[in-house]
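Participant: Just a sequence and a predicted model for now, questions to come.
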Amino acid sequence: MKAIIFTSELAAYLKAASKIIPKKAVLPILECVHIFMADSKISFRVTDLENELQYTTKMEGNAEGSVCVPVQQLLKFVSSYKNSLIVLEYNHGDKQMSFGGFKIATQNADDYPIKQGTLAFTGGKTIELNSSIFNQFEVAKTFLSKDELRPVMMGVLLRSKDGILTMVTTDAHRLFKEDIDEAKFDFELVVNNKASKLLKSIFQTLGDVGCGLTMEFSSNQVMFTQTNDASSIKFCTRLTEGKYPQYDNIIPNHSIQPSKDKTQATYITVDRFELLNEIKKCSAAAPCSKQMKFSFNNNECKIICEDIDMNSYMESSVKCRIASLFTEKGVDIGFNFLFLTELLNSITNNKVTIQISAPNRAILVRDNKRLFLQMPTILCN
């Protein structure tokens, strides 16, 4: 079995593959990459039994066969080469694979817990996603829950209803929602935590995040595919089981003028970058509590950060525009400044409008098709 491939191409795959491989593998062979050659193509596959990554590309030669090679050892060797062609040689009688002058121990491909050949679904549904899906997953992963007792909230919800595909994540303190695309049929699935965090980095390393993806899914798996003339990338992951919380029930319907179906709220518009800078300055005063007070009054936002235990205090202000029925009455509200900073960094517009109905209720921020909710903290007088 003999094949010729570029070292840069192989190194890029192995770097992406190393993110899939578990640190403490249940089976030692899971620390290996499964190499399969047939029809002048070579496929590399890794799995942690829940997520699987396959990269297929053209190769020189007509070799056929399969073998398993430790990923980390192979990556260290390949990374030492510049972009050059390398010859992969393997004889079935030996337990070593040769890469130029380097030899590495192999394992039997029959012991690998995946089938040989091309990763494929049967009877799955398919939808095309545009290139913005990568940035949407990057924003969504910021709002993922860390509560292992509720695994469904550790994943990203993709829900299609009434022709609109919506992405949602929440950790019970914050919520992110965005209408990302049109869809021809209704469905609902939850992409697991690990896959949600790795999606962009994998395709950024191996493919092109400027191009879209094909998403194919069944009752328990979803596969993201990107294909060109030279190669194909397939990232398959197991879906998280369980019913996602009814997030629509907690999204308020605000208005400056109260009505039967709308809640009266104060609309505060402020420059996002100025607000971020002042939050960063004041945050040094409360590194432990992470609590920050915001007082909105007379078109000014006063930011106060205090830590009694450390005897530290910092105060700053930024200009804003307040729209409210009660202009003479200010609004005081507290936030975890780390959460608020992450929210503001997820917004694309320079100006941000914060909707506040009450100091003990979630604020609402809209940014084009994106919607954010964040619960306030209790202020200590």
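Facilitator: Right, received. Where do you want to start?

Participant: Per-residue pLDDT of Gly100, please?
Facilitator: On pLDDT, Gly100 comes in at 67.

Participant: any idea where the helices of this structure begin and end?
Facilitator: 7-20, 71-79, 133-140, 193-206, 272-283, 337-345 (DSSP state H).

Participant: Can you flag the weakest of those by average pLDDT?
Facilitator: helix 71-79 (a mean of 87).

Participant: out of the helices of the chain, which comes closest to Arg150?
Facilitator: helix 193-206 (11.3 Å; C-beta to C-beta). Where C-beta positions appear, they are placed from N, C-alpha and C, glycine not excepted.

Participant: Buried residues, that closest one. List them.
Facilitator: 193-203, 205-206 (16 or more other C-beta atoms under 10 Å).

Participant: With stretch 132-149 instead?
Facilitator: Going by 16+ other C-beta under 10 Å, stretch 132-149 has these buried residues: 133-134, 136-141, 143-145.

Participant: again with stretch 155-174
Facilitator: 155-160, 165-171, 174.

Participant: related to what we said a few turns ago, tabulate the buried residues of stretch 132-149 (JSON lines), appending distance to Val71.
Facilitator: Converted to JSON lines, these look like this (distance: C-beta to C-beta, whole Å):
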{"residue": "Ile133", "distance to Val71": "27"}
{"residue": "Phe134", "distance to Val71": "24"}
{"residue": "Gln136", "distance to Val71": "29"}
{"residue": "Phe137", "distance to Val71": "24"}
{"residue": "Glu138", "distance to Val71": "25"}
{"residue": "Val139", "distance to Val71": "30"}
{"residue": "Ala140", "distance to Val71": "28"}
{"residue": "Lys141", "distance to Val71": "24"}
{"residue": "Phe143", "distance to Val71": "31"}
{"residue": "Leu144", "distance to Val71": "26"}
{"residue": "Ser145", "distance to Val71": "30"}
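
Participant: Let me know the closest of those residues to Gly210.
Facilitator: Phe134 (9.1 Å).

Participant: nearest residue to Ala284 other than its sequence neighbours?
Facilitator: Distances taken as C-beta to C-beta, 6 or more residues apart in numbering put Met314 closest to Ala284, at 6.6 Å, once the chain neighbours are dropped.

Participant: again, but for Ser232
Facilitator: Thr56 (4.9 Å).

Participant: right, and the residue nearest to Ala284 touches Lys293 too?
Facilitator: No - here Met314 lies out of contact with Lys293, judged by C-beta atoms under 8 Å, at a distance of 10.9 Å.

Participant: okay, those two: which has more neighbours?
Facilitator: Set side by side, Met314 and Lys293 show more neighbours around Lys293, with 21 against 17, by other C-beta atoms under 10 Å.

Participant: For the chain, give me the ranges with low pLDDT.
Facilitator: Scanning the chain for pLDDT under 70 picks out the ranges 93, 100, 115-123, 326-328, 380-381.

Participant: Longest strand in it, please.
Facilitator: strand 312-323 (DSSP state E).

Participant: what helices or strands is that strand leaning on?
Facilitator: Identification of packing neighbours for strand 312-323 by 3 or more C-beta pairs under 8 Å, 6 or more residues apart in numbering; DSSP states H and E yields strand 266-271, helix 272-283, strand 291-297, strand 300-307.

Participant: contacts for it?
Facilitator: 256, 266-271, 274-275, 278, 281-282, 284-286, 296-307, 331 (C-beta atoms under 8 Å, 6 or more residues apart in numbering).

Participant: again, only this time at 7 Å
Facilitator: Contacts with strand 312-323, where a contact means C-beta atoms under 7 Å, 6 or more residues apart in numbering, come from 256, 266-270, 274-275, 278, 281-282, 284-286, 296, 299-306.

Participant: what about the residue nearest to Ile354 when sequence neighbours are not counted, how many neighbours?
Facilitator: Spatial nearest neighbour of Ile354, excluding adjacent residues (C-beta to C-beta, 6+ apart): Ile268 at 4.7 Å. Counted with other C-beta under 10 Å, residues neighbouring Ile268 total 22.

Participant: quick one on the thing from earlier: for the residue nearest to Ala284, give the beta-bridge partners.
Facilitator: Cys305 (DSSP bridges).

Participant: Over to Leu364?
Facilitator: Residues in beta-bridge contact with Leu364 (DSSP bridges): Gln355, Leu373.

Participant: Does it touch Leu373 like I think?
Facilitator: Yes - counting by C-beta atoms under 7 Å, Leu364 does reach Leu373; the two are 5.9 Å apart.
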